[in-house]
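Enquirer: attaching a predicted model along with its sequence, questions to come.
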Amino acid sequence: MMQLPCPWCGDRDENEFLCGGTTHLSRPDLQSSDGAWGQYLFFRDNPKGAHLERWRHTYGCGRWFNIARHTVTHEILAVYAIDGTPPAAVVNGAP
Ligand SMILES: [Zn+2]
């Protein structure tokens, strides 16, 4: 089972968490086209490598945070605040 590092509680089993999906998405303006809304609602990148995700420690402290996770190895590359920015090393070419 994958272990996730909650910034407040430490390493815990994956089943204590809820994945909120891709993080850093921007909701389109209300006047945007149906195509823009469709893109926002139904399409996500599926990278092989670093993926930026938001997680909630549902069965723990209940707090949200962001992680950068490698989609092949599940290695946690970075943990950062829900309103934070990912480390530049992750964005610019993590393994
Ligand atoms: Zn926690």
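Expert: Alright, I've got the coordinates.

Enquirer: tell me where the protein has strands.
Expert: 3-6, 10-13, 18-22, 50-56, 64-70, 76-80 (DSSP state E).

Enquirer: which elements pack onto the fifth one?
Expert: In this structure, strand 64-70 makes packing contacts with strand 3-6, strand 50-56, strand 76-80, judged by 3 or more Cβ pairs under 8 Å, 6 or more residues apart in numbering; DSSP states H and E. C-beta coordinates here come from the backbone N, C-alpha and C atoms, glycine included.

Enquirer: quick one, which of the ones you listed gets closest to the ion.
Expert: Distance to the ion, taken as Cβ to the ion, is lowest for strand 3-6 among those, at 3.3 Å.

Enquirer: pairing partners for that closest one, with directions?
Expert: strand 10-13 (antiparallel) (DSSP bridges).

Enquirer: contacts for the partner strand?
Expert: Contacts with strand 10-13, where a contact means Cβ atoms under 8 Å, 6 or more residues apart in numbering, come from 1-6, 57, 60.

Enquirer: just the C-alphas of the longest helix anywhere in the chain, formatted as PDB.
Expert: Criterion DSSP state H: the longest helix present in the chain is helix 34-42. This file holds the C-alpha atoms of helix 34-42, laid out as PDB (Å, rounded to 0.1, in the frame of the first residue of the first chain):
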ATOM      1  CA  ASP A  34     -18.900  25.100 -24.200                       C
ATOM      2  CA  GLY A  35     -15.600  23.800 -25.600                       C
ATOM      3  CA  ALA A  36     -13.600  25.500 -22.900                       C
ATOM      4  CA  TRP A  37     -15.900  24.200 -20.200                       C
ATOM      5  CA  GLY A  38     -15.800  20.700 -21.700                       C
ATOM      6  CA  GLN A  39     -12.000  20.800 -21.700                       C
ATOM      7  CA  TYR A  40     -12.000  21.900 -18.000                       C
ATOM      8  CA  LEU A  41     -14.500  19.300 -16.900                       C
ATOM      9  CA  PHE A  42     -13.600  16.200 -18.800                       C
END
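
Enquirer: still on that earlier bit, tell me which of the helices and strands packed on strand 64-70 sits most buried.
Expert: strand 50-56 (a mean of 19; mean count of other Cβ atoms under 10 Å).
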